[in-house]
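> take a look and give me a structure for this.
(one chain, ligands or ions: 2)
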Amino acid sequence: MQTQKLEYTQEVAESTASVYQKLSKQYKESHWQSLAPYIHEINRLKKEKNAVILAHNYMTPDIFYGVGDIVGDSLKLAQEAAKSDADIIVQCGVHFMAETSKILCPEKKILLPDLRAGCSLAESITAEDIRSLKKEHPGIPVVTYVNTSADVKAESDICCTSSNALKIVEALGKEGHDTVIMTPDKFLAQNIAAQTDIKILFWEGTCVVHERFSAKDVKDIRAANENVVVLAHPECPPEVIAQADFSGSTAQMDNYIKEHQPPKAVLMTECSMSDNVAAANPNVEMIGTCQLCPYMKMISLPKILKTLQDEEPEIIVDPEISARAKKAVDRMLELS
Ligand code: 13P
Ligand code: SF4
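Ligands and ions are numbered 1, 2, ... in the order given. The predicted model follows:
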């Protein structure tokens, strides 16, 4: 990819000084001087084009704190996309997140800095799979994780994220369903099943990042770090959740650290999130897990700048599929 040569000027230093103050432990000054010109130029272009950057909690700190206007978990990014009055949304996250923004804001230009930024969960299931499940289990509602394509959402009854999955399943229970199908993450489904009386049928998808954590990892971390608080994302295997002190979406883990300020903590999730949490909570020693999502890590400052300059790659969703997928996403947002 061709990248623009940008200079670290006095103006750049001044406009990025407050961000660097927060991130000085994460970036050496020489490294920062190569990042700051991108941050400055991206922020200038955002204003010029009435663009907004939605950045997921797994973005690296230079993106998360430097250029993200709205940061958070999948649920918050979807809620904020729906409210935004920007003309352009640059999704700093993965493809399904950008598609969700397009479904919620069909009139806006939605840009994703690298179209290859997918998700192993989204790749594990197709619209045809959902149609087959419905034929096999007539009358049983399909709850689909937002980590899926628009086609898959369009065939589903309702979406969920990791922060509202239990609420959604219980809401279906109140409507009289004693069984639901949860796709595609089997661990999320199993972890929700452990908290409800509603029977959950699950699909065999997994997240390539969270499936790698084991109960032994938690045991080893505790052995090496006295009094460490262990937080785990619900995409982790149930044996990990059983050993953790808290389980929740990326935003829920972030809130836990903000509120409880434990002296030492580990997040059993994607590693950039630990860096972002560490920067916001200087009194908490964060133990990194070194697990990186290969898809999330495809997003970088040079790619974000190029995307804003060229206004591509743009996310397009077939309007008929988008309208059907929106019903499942809207139903989730109403219940959140
Ligand atoms: P959150 O909804 O918790 O942000 O999770 C999204 C994701 O992709 C986790 O791997
Ligand atoms: Fe998908 Fe896992 Fe990456 Fe999240 S961390 S985007 S679930 S592969």
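
> surely Ala127 touches Ala150?
No - if you go by CB atoms under 8 Å, Ala127 and Ala150 don't touch, sitting 9.1 Å apart. Where you see a C-beta, it was placed from the backbone N, CA and C, and this is true even at glycine.

> between these two, who's got more neighbours?
Ala150 (23 against 17; other CB atoms under 10 Å).

> separation between the more buried one and ligand 1?
Look at Ala150 and ligand 1: by CB to the nearest ligand atom, to the nearest Å, they are 16 Å apart.

> how about that residue, what does it touch?
Glu99, Lys102, Ile103, Val317, Asp318, Ile321, Ser322, Ala325 (CB atoms under 8 Å, 6 or more residues apart in numbering).

> which one of those sits closest to ligand 2?
Closest approach to ligand 2 among these (CB to the nearest ligand atom): Glu99, at 12.7 Å.

> what ranges do the helices span in the stretch 1-150 of the chain?
10-23, 29-49, 61-66, 74-83, 95-104, 120-123, 127-136, 150-155 (DSSP state H, counting those that start in this stretch).

> what's the second one packed up against?
The one in question is helix 29-49. Here helix 29-49 touches helix 10-23, strand 51-56, helix 61-66, helix 301-310, going by 3 or more CB pairs under 8 Å, 6 or more residues apart in numbering; DSSP states H and E.

> Ala279: neighbour count?
Ala279 - counted by other CB under 10 Å - has 19 other residues nearby.

> so it, which state does it fall into?
helix (DSSP: H, G, I helix; E, B strand; the rest coil).

> ok, now which ones touch the closest residue to Ser149 other than its chain neighbours?
Spatially, and ignoring its direct neighbours in sequence, Ser149 is nearest to Ala122 (5.7 Å; CB to CB, 6 or more residues apart in numbering). Shown in contact with Ala122 (CB under 8 Å, 6+ apart): Val94, His95, Phe96, Asn147, Thr148, Ser149, Val152, Pro184.

> in TSV: the residues you listed, plus pLDDT, neighbour count and distance to Ile70.
Shown next, in TSV, are those (pLDDT from 0 to 100; neighbours: other CB atoms under 10 Å; distance: CB to CB, whole Å):
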residue	pLDDT	neighbour count	distance to Ile70
Val94	98	25	16
His95	98	23	18
Phe96	97	25	17
Asn147	97	31	19
Thr148	98	31	22
Ser149	98	21	23
Val152	98	27	25
Pro184	98	27	26
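
> from the residues you listed, which single one is nearest ligand 1?
Nearest to ligand 1 among the contacts of Ala122, with distances taken as CB to the nearest ligand atom, is Asn147, at 5.5 Å.
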